[in-house]
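> here are the coordinates; sequence isn't available:
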C-alpha cells in the first residue's frame with residue numbers, strides 16, 4: 001500500500017510497538033499485512049515477554065528469544081483449558097503465522113518512517129530510545145501513540161484505528 005507524502009512509489013516502513021510484542025502490536029501487524037502493507041515490523045519494549053498467568057501476581061514470563069510456538073506449547077502443557085479460555089493459545093497461534101518470535105525494540109537497528117505505539121509508557125520508551133541513538137540516515141520518523149487497553153477486543157479496535 002502506498003501512502004501519499006511518505007515516499008511516492010515505495011511502501012512505507014512501519015513499526016508497531018506494544019509492551020511484549022504479543023497482543024496489540026501483533027493484532028495490528030496482522031491486519032496491516034492483510035491490507036497490503038509490506039514493510040512491517042513489530043516489537044515490544046519490556047525487558048521480558050509477559051503473558052497473563054493463573055493470577056495477576058503470577059504472570060508467565062519468557063525471554064524475547066522464545067518463539068511463539070514454544071510459548072504456545074509451554075502454556076498448553078501447563079493448563080491447556082485455562083489458556084485456551086483466556087484466548088492466549090489462539091493469540092500465540094495467530095502470532096506464529098505472522099512471524100517466528102517476539103522482538104525487542106531496543107535491540108532493533110532498522111529505520112522506520114512511521115512508528116505506532118499502543119500505550120503512553122511505550123511511546124515514552126520509544127522517544128527516549130531514539131533520542132539516545134545516533135542518526136544513521138538522517139530521515140525523520142513519525143511516532144504516533146494510540147492508547148489501547150491490553151485486551152483482545154481492544155487490540156482489534158486499535159489495529160483498525162491504525163488504518164484511519
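Yep, it's here. This is a predicted model, so every value here is computed, not measured. Residues are numbered from 1 along each chain as shown.

> Please count neighbours and contacts with C-alpha atoms only from this point.
Will do.

> How about residue 21: what's its closest non-neighbour residue?
Closest residue in space to residue 21, ignoring its immediate chain neighbours: residue 44 at 4.3 Å, by CA to CA, 6 or more residues apart in numbering.

> Could you list the low-pLDDT ranges of this structure?
For the chain, the stretches with pLDDT under 70 are 1-10.

> tell me the centre residue of it?
Taking CA atoms, centre = their mean, the centroid of the chain lies closest to residue 25, which sits 2.7 Å from it.

> pretty sure that one is touching residue 122, no?
No: at 11.3 Å, residue 25 does not count as touching residue 122 under the criterion of CA atoms under 8 Å.

> Ramachandran angles for the residue nearest to residue 21?
Main-chain torsions, residue 44, degrees, to the nearest 10: phi -120, psi 160.

> Report the separation between it and residue 35.
22 Å (CA to CA, to the nearest Å).

> do residue 127 as well
For residue 127, the distance to residue 35 - CA to CA - is 27 Å.

> Just checking: what are the partner strands of the biggest strand by length in the chain?
For the chain, the strand with the greatest residue count under DSSP state E is strand 49-55. Strand 49-55 has its sheet partners listed here by DSSP bridges as strand 58-62 (antiparallel).

> got a list of contacts for the partner strand?
48-53, 71 (CA atoms under 8 Å, 6 or more residues apart in numbering).

> what comes up buried for it?
Under the neighbour-count criterion of 16 or more other CA atoms under 10 Å, strand 58-62 has 60, 62 buried.

> can you give me the strands in this protein?
With DSSP E as the criterion, the chain has strands spanning 14-18, 40-44, 49-55, 58-62, 114-117, 142-145.

> I'd like these as JSON lines, with distance to residue 96 appended.
Shown next, in JSON lines, are those (distance: least, CA to CA, whole Å):
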{"stretch": "strand 14-18", "distance to residue 96": "16"}
{"stretch": "strand 40-44", "distance to residue 96": "13"}
{"stretch": "strand 49-55", "distance to residue 96": "15"}
{"stretch": "strand 58-62", "distance to residue 96": "15"}
{"stretch": "strand 114-117", "distance to residue 96": "21"}
{"stretch": "strand 142-145", "distance to residue 96": "25"}
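
> closest to residue 107 out of the ones you listed?
Across those, residue 107 has its closest neighbour in strand 40-44 (9.7 Å, CA to CA).

> Over to residue 146: give its phi and psi.
phi -120, psi 110.

> And for it, the neighbour number?
Using other CA atoms under 10 Å, residue 146 has 15 neighbouring residues.

> ditto for residue 35
Count around residue 35 with other CA under 10 Å applied: 11.

> Right, I'll leave it there.
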